[in-house]
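In: my questions are about this predicted structure, shown below with the sequence.
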Amino acid sequence: MQALAIAAAGMSAAANRLDASAQRTAAWEARETDTDLAKEAVEQISAKTDYKANAMVAKTADQMTGALLDMKV
């Protein structure tokens, strides 16, 4: 089902964004870069929200598939 693939790709993208932001934040702690911590906090919250939204899409798509299969049986 296409919705599951799209949701999985969205979850992967959100996880990658969170990882990149965490790495930038860790580099700031080592004083290696000029990282804006407020921007990174917003990015991490946004990535978390995006991940949750895509997970709900995947869950709904799975439930819909189950309902369709129940109708055909």
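Out: Here it is on my side, so go on.
In: residue 54 contacts residue 10, doesn't it?
Out: Yes - assessed by CB atoms under 8 Å, residue 54 is found in contact with residue 10 at 3.6 Å. In short, each C-beta sits where N, CA and C put it, glycine included.
In: nearest spatial neighbour of the residue nearest to the spatial centre of the chain, chain-adjacent residues omitted?
Out: Nearest to the geometric centre of the chain sits residue 51, at 2.5 Å (CA atoms, centre = their mean). Counting by CB to CB, 6 or more residues apart in numbering, residue 14 is the residue found nearest to residue 51 once chain neighbours are left out, at 3.9 Å.
In: tell me the buried residues in the helix or strand containing that neighbour?
Out: Residue 14 is located in helix 2-29, with elements delineated by DSSP states H and E. Buried residues in helix 2-29, counting neighbours by 16 or more other CB atoms under 10 Å, are found at 7, 10-11, 14, 17-18, 21, 24-25.
In: quick one, what contacts the closest residue to residue 6 other than its chain neighbours?
Out: Distances taken as CB to CB, 6+ apart put residue 57 closest to residue 6, at 7.3 Å, once the chain neighbours are dropped. By CB atoms under 8 Å, 6 or more residues apart in numbering, the contact list for residue 57 reads 3, 6-7, 10.
In: ok, so of the residues you listed, who is nearest residue 63?
Out: For these, the minimum distance to residue 63 (CB to CB) is 11.0 Å, reached by residue 3.
In: show me the contacts for the closest one.
Out: Contact analysis of residue 3 by CB under 8 Å, 6+ apart lists 57-58, 60-61, 64.
In: report the buried members of those.
Out: 57-58, 61.
In: flag the least confident of the residues you listed.
Out: Lowest model confidence among the buried ones among the contacts of residue 3 falls on residue 61, which carries 90.
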